[in-house]
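S.K.: quick one, structure for this:
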Amino acid sequence: MDANRNKVLRVRLSADEYNKLIRLAGKYKCVSEYVRARIFGHGVELVDPKEFIRAMDDICLEMKRIGININQLAKYVNLHKGINNDVVIKDIETRLSEYIKMEEKLNETWRKLMRIK
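M.R.: As a prediction, the model looks like this:
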């Protein structure tokens with residue numbers, strides 16, 4: 001125990017709260033270390049709001065571009081229904097895959113944000 005840490009804090013928790021605390025503190029050496037990290041910000045990834053907004057703007061802009069491209073490809077396919085469109089369909093599949101990846105990245109970023117209180 002650190003020589004400066006001579007104060008003890010007692011907290012009453014429900015069984016569910018206690019289990020959640022133990023689960024969240026799992027990667028730390030002890031619960032005390034986890035609590036100090038959460039309270040004082042050590043070991044907790046803090047997000048710079050300006051950086052976050054820039055990242056979200058970039059993601060939204062890229063998703064809009066991909067959506068426009070997918071729309072253009074869908075219009076092309078609809079205009080040329082009788083023509084073999086294997087190349088166009090492959091391109092649409094690729095763009096949809098990119099779109100889904102970007103959407104997952106956006107969702108992950110939102111989940112990280114929601115953990116910050």
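
S.K.: tell me the domain ranges of the chain?
M.R.: 1-44, 49-115 (automatic domain parsing).

S.K.: most tightly surrounded among these?
M.R.: Mean neighbour count (mean count of other CB atoms under 10 Å) peaks for domain 49-115 among those, with a mean of 12. Where C-beta positions appear, they are placed from N, C-alpha and C, glycine not excepted.

S.K.: pick out the shakiest of the domains of the chain, pLDDT-wise.
M.R.: Sorting these by mean pLDDT places domain 49-115 lowest, at a mean of 80.

S.K.: distance from the chain centre to it, please.
M.R.: 17 Å (CA atoms, centre = their mean, to the nearest Å).

S.K.: stretch 16-36 now?
M.R.: Worked out by CA atoms, centre = their mean, stretch 16-36 lies 22 Å from the chain centre.

S.K.: and that stretch, how far apart are its ends?
M.R.: Here the two ends of stretch 16-36 are set 21 Å apart, with distance taken as CA to CA, to the nearest Å.

S.K.: chain neighbours aside, what residue packs nearest to residue 76?
M.R.: residue 88 (6.1 Å; CB to CB, 6 or more residues apart in numbering).

S.K.: any idea which helix or strand carries the residue of the chain positioned farthest from its centre?
M.R.: Within the chain, the residue lying farthest from the chain centre (CA atoms, centre = their mean) is residue 82, at 42.2 Å. Of the helices and strands defined by DSSP states H and E, none includes residue 82.

S.K.: and the contacts of the one helix or strand residue 20 maps to?
M.R.: Here residue 20 is covered by helix 15-24, with elements defined by DSSP H and E. If you take CB atoms under 8 Å, 6 or more residues apart in numbering as the criterion, helix 15-24 is touched by 13, 31, 34.

S.K.: among those, which are in helices?
M.R.: 31, 34 (DSSP state H).

S.K.: before we move on, the earlier item: now do the helix or strand the residue nearest to residue 76 falls within: which elements does it pack against?
M.R.: Here residue 88, judged by DSSP H and E, is contained in helix 86-115. Helix 86-115 sits against helix 49-79, with contacts defined as 3 or more CB pairs under 8 Å, 6 or more residues apart in numbering; DSSP states H and E.
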